[in-house]
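Peer 1: Show me the folded form of this:
(one chain, ligands or ions: 2)
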Amino acid sequence: MANAYFKVPEPVNEPVRGYAPGSPERASVKKRLEEMSNQVYEIPLIIGGKEIKTGKFGESVMPHNHKHVLARYHLADASHVEQAIAASQEAWKTWSEMPWHERAGVFLKAAELLAGPWRDTINAATMLGQAKTIQQAEIDAACELIDFLRFNVHYMTRLFEDQPYSPKPTWNRVEHRALEGFIFAVTPFNFTAIGGNLCCAPAMMGNVVLWKPSDTAVYSNYFVMRLLEEAGLPPGVINFIPGPPAEIGAATMARPELAGVHFTGSTGTFQYLWKTVGENIEKYHAYPRVVGETGGKDFVFAHESAEPVALANALVRGAFEYSGQKCSAASRAYVPTNIWPEVKKLLGEYLAEAKTGDVADFSNFTSAVIDKRSFDKSSAYLAHARESSEAEILFGGEADDSVGYFVQPTVIETHNPHYKSMVEEIFGPILTVYPYDPAKLDETLELCDKTSPYALTGAVWAKERGTIVKLTNALKHAAGNFYVNDRPTGSIVGQQPFGGGRASGTNDKAGSMLNLLKWTSVRSIKENFVPPKEYAYPHMLDS
Ligand SMILES: NC(=O)c1ccc[n+]([C@@H]2O[C@H](COP(=O)([O-])OP(=O)(O)OC[C@H]3O[C@@H](n4cnc5c(N)ncnc54)[C@H](O)[C@@H]3O)[C@@H](O)[C@H]2O)c1
Ligand SMILES: N[C@@H](CCC=O)C(=O)O
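Peer 2: Ligands and ions are numbered 1, 2, ... in the order given. Coordinates of the predicted model:
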């Protein structure tokens, strides 16, 4: 084994490519989109590095053209969970003992492969399978996943560097051990990067993982799995088991080797997973770590001094990029009546230009929502607003699933701050605005704080510093990611560690040391160079 105190490369954020007309990156990704659109992949389970074909299939389709099948994926059942646990425990023996810098090398290599030869494939898969525009795929599947890999390797070394004080004649040390057992990574549809990170963060720390991807992201997540293999990930460290969520979840969480759950998705699912762990608590070899980042009802709160043009821009980007399917998306806004007419006019102008359609047409601003369930959910909110005397649809309001699951970016105005779409998470392209009297600032701030059980992201808009301080303090616990004069979306690894409180999750901040701490069990070691030879203490001596 090498004897050296290794340093990892200083991480920097992966630059976001522009894909402007005529650029080489645009031509290259368009070619890959075409190739992948013309192929139907067969996706196996990957357990212990082996492809497993079960003969029971799910389908990955294009949300923006739902008759177009991209892949047929084999479905795991409870017996494959057993196989995956056995494979992971075999891999644990060598992986958890492998020098940290060798493990780091796998993830640093994966980052470079993704930045280079794999970029088009994983971007194209995310565009086709999750209906992301090139901009949204690039910031997620390429840049954010690369950043998670590079920055987490760096944070891991900073954790290791933190060592205790050693008075003479002792030497105190702490070492970071992998958790005994396996981590269950349960991942959402909306960010390819989150799928990769929920597996890679624990694996980097020496753990082994069972990865249950979302049904609607199996396609891109499979290519991430292949990328990790290409980067040299040993068999069994991460096991890829798409399948019926309830069956896979129940079989996995019943096992004594469950060492942790790393989850991102809805609040309801997380609460179910947590309850199940609680019910099984006496079965486990150790207390499982439970980390979950969940839903939100993210707000934009404008003061009367807010600048209308920048605010309207932030509302369009913050609410409607990726059709509002970011957990961070602005879905309720509090806008004072002195600037609301101007902001409303601008919203109307921007939304009249912003097009919704196929991801292969790069002039589109956004595309379809992920599936029929999501389409129906957004449609129900639109129908409610159409019929309610408390709501008025200002822009958008149409939905059509004849080709793809298209829901137009929609702005609803309400004068009831507790109107349904001001309170509930929709996870679609619907923004509800509550215009308020600027003389009622304090009570409107309280409304904003108390209206929903969530606390994920929020943005305040104001000019004068004293006002910014007031808004920031009033909404202290209303968001784990808080923005001043910016939109509430678009956090960047290494810049704004991400996560929320209250019903939005355990706030363990993805892409930070705080998250990595969950995936390690620290051993304190005290060594005494000169142990005492006299058992008696001074107070016991004769005077
Ligand atoms: N806070 C964050 O960082 C963050 C990030 C992204 C998404 N989200 C949230 O995720 C949600 C959207 O994602 P989604 O629709 O994929 O969420 P979801 O809860 O429907 O699914 C998430 C994952 O849980 C799995 N799952 C569902 N039921 C299960 C069960 N009984 N047992 C085991 N696994 C089960 C799904 O198959 C999927 O893999 C939104 O609520 C959004 O706010 C939060
Ligand atoms: N980190 C992303 C949101 C991830 C959840 O969907 C953002 O800040 O927009």
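
Peer 1: can you give me the offset of stretch 532-542 from its chain's centre?
Peer 2: 58 Å (C-alpha atoms, centre = their mean, to the nearest Å).

Peer 1: how about the strands in the stretch 401-543 of the chain?
Peer 2: Under the criterion DSSP state E, counting those that start in this stretch, the stretch 401-543 of the chain carries strands at the ranges 406-407, 410-414, 430-436, 454-455, 457-461, 481-484, 501-502, 521-528.

Peer 1: quick one, which of these is nearest to residue 421?
Peer 2: strand 430-436 (4.3 Å; C-beta to C-beta). C-beta coordinates here come from the backbone N, C-alpha and C atoms, glycine included.

Peer 1: ok, back up a step: mind putting the strands of the stretch 401-543 of the chain into CSV with distance to residue 380, mean pLDDT and mean neighbour count?
Peer 2: Shown next, in CSV, are these (distance: least, C-beta to C-beta, whole Å; pLDDT from 0 to 100; neighbours: other C-beta atoms under 10 Å):
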stretch, distance to residue 380, mean pLDDT, mean neighbour count
strand 406-407, 11, 98, 26
strand 410-414, 13, 98, 24
strand 430-436, 11, 99, 24
strand 454-455, 20, 98, 26
strand 457-461, 24, 99, 29
strand 481-484, 28, 98, 19
strand 501-502, 25, 98, 16
strand 521-528, 46, 98, 11
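
Peer 1: what's the burial count for residue 308?
Peer 2: 20 (other C-beta atoms under 10 Å).

Peer 1: residues touching it, list them.
Peer 2: By C-beta atoms under 8 Å, 6 or more residues apart in numbering, the residues touching residue 308 are 339, 342-343, 346.

Peer 1: can you list the residues of the stretch 351-500 of the chain near ligand 2?
Peer 2: Applying C-beta under 6 Å from any ligand atom, we find that the stretch 351-500 of the chain lies next to ligand 2 at 489-491, 498.

Peer 1: hmm, stretch 282-296 in reach of ligand 1?
Peer 2: Yes: Stretch 282-296 lies within reach of ligand 1 by C-beta under 6 Å from any ligand atom, at 293-296.

Peer 1: do the same with stretch 298-314
Peer 2: No: on the criterion C-beta under 6 Å from any ligand atom, stretch 298-314 is out of touch with ligand 1, staying 9.0 Å away.

Peer 1: Now that stretch - C-alpha only, PDB.
Peer 2: The C-alpha coordinates for stretch 298-314 follow below in PDB (Å, rounded to 0.1, in the frame of the first residue of the first chain):
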ATOM      1  CA  ASP A 298     -41.700  27.400  -2.200                       C
ATOM      2  CA  PHE A 299     -42.400  31.200  -2.000                       C
ATOM      3  CA  VAL A 300     -41.400  34.500  -3.500                       C
ATOM      4  CA  PHE A 301     -42.100  37.400  -1.200                       C
ATOM      5  CA  ALA A 302     -41.800  40.800  -2.700                       C
ATOM      6  CA  HIS A 303     -41.600  44.100  -0.700                       C
ATOM      7  CA  GLU A 304     -43.000  47.300  -2.200                       C
ATOM      8  CA  SER A 305     -39.400  48.300  -3.000                       C
ATOM      9  CA  ALA A 306     -38.800  45.300  -5.300                       C
ATOM     10  CA  GLU A 307     -37.700  45.900  -8.800                       C
ATOM     11  CA  PRO A 308     -40.600  44.700 -11.100                       C
ATOM     12  CA  VAL A 309     -38.600  43.600 -14.200                       C
ATOM     13  CA  ALA A 310     -36.100  41.400 -12.300                       C
ATOM     14  CA  LEU A 311     -38.900  40.100 -10.100                       C
ATOM     15  CA  ALA A 312     -41.100  39.000 -13.100                       C
ATOM     16  CA  ASN A 313     -38.100  37.300 -14.700                       C
ATOM     17  CA  ALA A 314     -37.400  35.400 -11.500                       C
END
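
Peer 1: That stretch: which residues count as buried?
Peer 2: With burial defined by 16 or more other C-beta atoms under 10 Å, the residues of stretch 298-314 counted as buried are 298-304, 306, 308, 311-312, 314.

Peer 1: All the strands of the stretch 51-200 of the chain, in order from the start?
Peer 2: 57-62, 65-74, 170-177, 182-186.

Peer 1: I should have written the stretch 251-400 of the chain there, sorry.
Peer 2: Taking DSSP E, counting those that start in this stretch, the strands of the stretch 251-400 of the chain run over residues 258-264, 289-293, 298-302, 330-336, 391-395, 399-400.

Peer 1: Which elements pack onto the fourth one?
Peer 2: Counting contacts by 3 or more C-beta pairs under 8 Å, 6 or more residues apart in numbering; DSSP states H and E, the secondary-structure elements packed against strand 330-336 are strand 298-302, helix 308-320, helix 420-423, strand 430-436, helix 441-450.

Peer 1: Direction included, what does that strand pair up with?
Peer 2: strand 298-302 (parallel), strand 430-436 (parallel) (DSSP bridges).

Peer 1: same question, the first one
Peer 2: Using DSSP bridges, the strands paired with strand 258-264 are strand 182-186 (parallel), strand 289-293 (parallel).

Peer 1: now do the last one
Peer 2: Listed by DSSP bridges, the sheet partners of strand 399-400 and their directions read strand 406-407 (antiparallel).

Peer 1: any idea how far the strand it pairs with is from the chain center?
Peer 2: Using C-alpha atoms, centre = their mean, the offset of strand 406-407 from its chain centre is 23 Å.

Peer 1: Same question for stretch 258-273.
Peer 2: Per C-alpha atoms, centre = their mean, the centroid offset for stretch 258-273 relative to its chain is 13 Å.

Peer 1: what do you get for stretch 168-178?
Peer 2: Computed by C-alpha atoms, centre = their mean, the chain-centroid distance of stretch 168-178 equals 34 Å.

Peer 1: cool, stretch 500-511 as well?
Peer 2: That offset, for stretch 500-511, works out to 11 Å (C-alpha atoms, centre = their mean).

Peer 1: related to what we said a few turns ago, of the contacts of residue 308, select the buried ones using a ChimeraX command.
Peer 2: Buried residues within the contacts of residue 308, by 16+ other C-beta under 10 Å, are selected in ChimeraX with:
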select :339,343,346
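
Peer 1: Provide a list of residues in contact with the spatially most central residue of the chain.
Peer 2: Closest residue to the average C-alpha location of the chain: residue 194 at 4.0 Å, with C-alpha atoms, centre = their mean. Neighbouring residues of residue 194 by C-beta under 8 Å, 6+ apart: 187-188, 264, 510.

Peer 1: Need the per-residue pLDDT for it.
Peer 2: Looking at residue 194, its pLDDT is 98.

Peer 1: what's the neighbour count on the closest residue to ligand 1 within the stretch 51-200 of the chain?
Peer 2: Relative to ligand 1, the nearest point of the stretch 51-200 of the chain is residue 188 (3.5 Å; C-beta to the nearest ligand atom). Neighbours of residue 188 under the rule other C-beta under 10 Å: 23.

Peer 1: got it, and residue 262?
Peer 2: 27.

Peer 1: What separation do you get for it and residue 22?
Peer 2: Counting by C-beta to C-beta, to the nearest Å, the gap from residue 262 to residue 22 is 42 Å.

Peer 1: One more: residue 441?
Peer 2: 49 Å.

Peer 1: same question, residue 68
Peer 2: For residue 68 relative to residue 22 (C-beta to C-beta), the value is 28 Å.

Peer 1: Looking at these two, which has the bigger crowd around it?
Peer 2: Neighbour comparison, residue 68 and residue 22: the larger count goes to residue 68, with 15 against 6 (by other C-beta under 10 Å).

Peer 1: Which residues are in contact with that one?
Peer 2: Residues near residue 68 by C-beta under 8 Å, 6+ apart: 37, 61-62.
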